[in-house]
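*Asks:* I would like the atomic coordinates for the input below:
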Amino acid sequence: MGVLWKLEPATEAKHRLYKQYLDAWWPIFLQTSARTGYSRPRVTLLDAFAGPGRYLGGEEGSPVFILRKLLNHTAVDRMNLSRQRVRLIFIEKERPRYEHLHAELVRCFGPLEDLPVHVEVHHGEAGQDSGELLTKLDAWGHPVLGIFDSWGNINVPLPLMRRIAHNPSSEVITTFGPNWFSREQGRQMA
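*Replies:* Numbers count the residues shown, from 1 in each chain. So this is what the prediction gives:
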């Protein structure tokens, strides 16, 4: 398979759901409370199976629309964005896809170090590197949204997803294909 592939209808539907979810998630976690003045000190989004950032037909991949949704949100002026406060981690295992993703983000948004939020594009493996990157960025103890859309259910780090889900004010979104459930049921029966 090449660096880019066709956007499948199921993925397109899933992306619509992610976009709607992020429209609500960003302001909930990033706006300062008008009543108390409280502002969360740090928020991290992890896209553990990021892909190349674009599809064959030109459609945006999740890292591109995630960052675009944040930077162009209607409430962005109340979100107090800063590189210390808002961190986005995109992990891609395949080197050509990782390189394409990095180039795509720079093409769409300019130099990543000039953005008002910290964006880290990491060449690595989700199951092995996600927890280490969250630790390195001091994400634990602060809200984390972990997206584990593995496009084939390869190496989905269930213990890490459990750890994120138990982290205060954190959430995990994961996608499992039907074949995953068949394999897991077969393992449990053996």
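*Asks:* alpha carbons only for contacts and neighbour counts from here, please
*Replies:* OK.
*Asks:* okay, now residue 148: neighbour count?
*Replies:* By the other Cα atoms under 10 Å criterion, the neighbourhood of residue 148 contains 23 residues.
*Asks:* same question, residue 158
*Replies:* Neighbours of residue 158 (other Cα under 10 Å): 12.
*Asks:* from now on call the first residue 17
*Replies:* All right, first residue 17 from here; so that's residue 174.
*Asks:* confidence score at residue 45?
*Replies:* pLDDT, residue 45: 92.
*Asks:* show me the contacts for it.
*Replies:* By Cα atoms under 8 Å, 6 or more residues apart in numbering, the residues touching residue 45 are 56, 59, 159.
*Asks:* put the buried members of these into a ChimeraX selection.
*Replies:* Of these, the buried ones go into a single ChimeraX selection, burial set by 16 or more other Cα atoms under 10 Å:
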select :59,159
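*Asks:* got the CA coordinates for the longest helix anywhere in the chain in PDB?
*Replies:* Ranked by residue count, the top helix of the chain under DSSP state H comes out as helix 25-46. What follows is helix 25-46, C-alpha atoms only, in PDB (Å, rounded to 0.1, in the frame of the first residue of the first chain):
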ATOM      1  CA  PRO A  25     -17.200   5.500   3.900                       C
ATOM      2  CA  ALA A  26     -16.900   4.000   7.400                       C
ATOM      3  CA  THR A  27     -13.800   6.200   8.100                       C
ATOM      4  CA  GLU A  28     -15.500   9.300   6.700                       C
ATOM      5  CA  ALA A  29     -18.500   8.700   9.100                       C
ATOM      6  CA  LYS A  30     -16.100   8.100  12.000                       C
ATOM      7  CA  HIS A  31     -14.300  11.400  11.200                       C
ATOM      8  CA  ARG A  32     -17.600  13.300  11.200                       C
ATOM      9  CA  LEU A  33     -18.200  11.900  14.800                       C
ATOM     10  CA  TYR A  34     -14.700  12.900  15.900                       C
ATOM     11  CA  LYS A  35     -15.200  16.400  14.500                       C
ATOM     12  CA  GLN A  36     -18.500  16.900  16.400                       C
ATOM     13  CA  TYR A  37     -16.900  15.500  19.500                       C
ATOM     14  CA  LEU A  38     -13.900  17.800  19.300                       C
ATOM     15  CA  ASP A  39     -16.300  20.800  18.800                       C
ATOM     16  CA  ALA A  40     -17.500  20.200  22.400                       C
ATOM     17  CA  TRP A  41     -14.300  18.700  23.900                       C
ATOM     18  CA  TRP A  42     -11.900  21.600  23.200                       C
ATOM     19  CA  PRO A  43     -13.900  24.400  24.900                       C
ATOM     20  CA  ILE A  44     -15.000  22.200  27.800                       C
ATOM     21  CA  PHE A  45     -11.300  21.500  28.700                       C
ATOM     22  CA  LEU A  46      -9.700  24.700  27.500                       C
END
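*Asks:* gap between it and the chain center?
*Replies:* With Cα atoms, centre = their mean, to the nearest Å as the basis, helix 25-46 stands 11 Å off its chain's centre.
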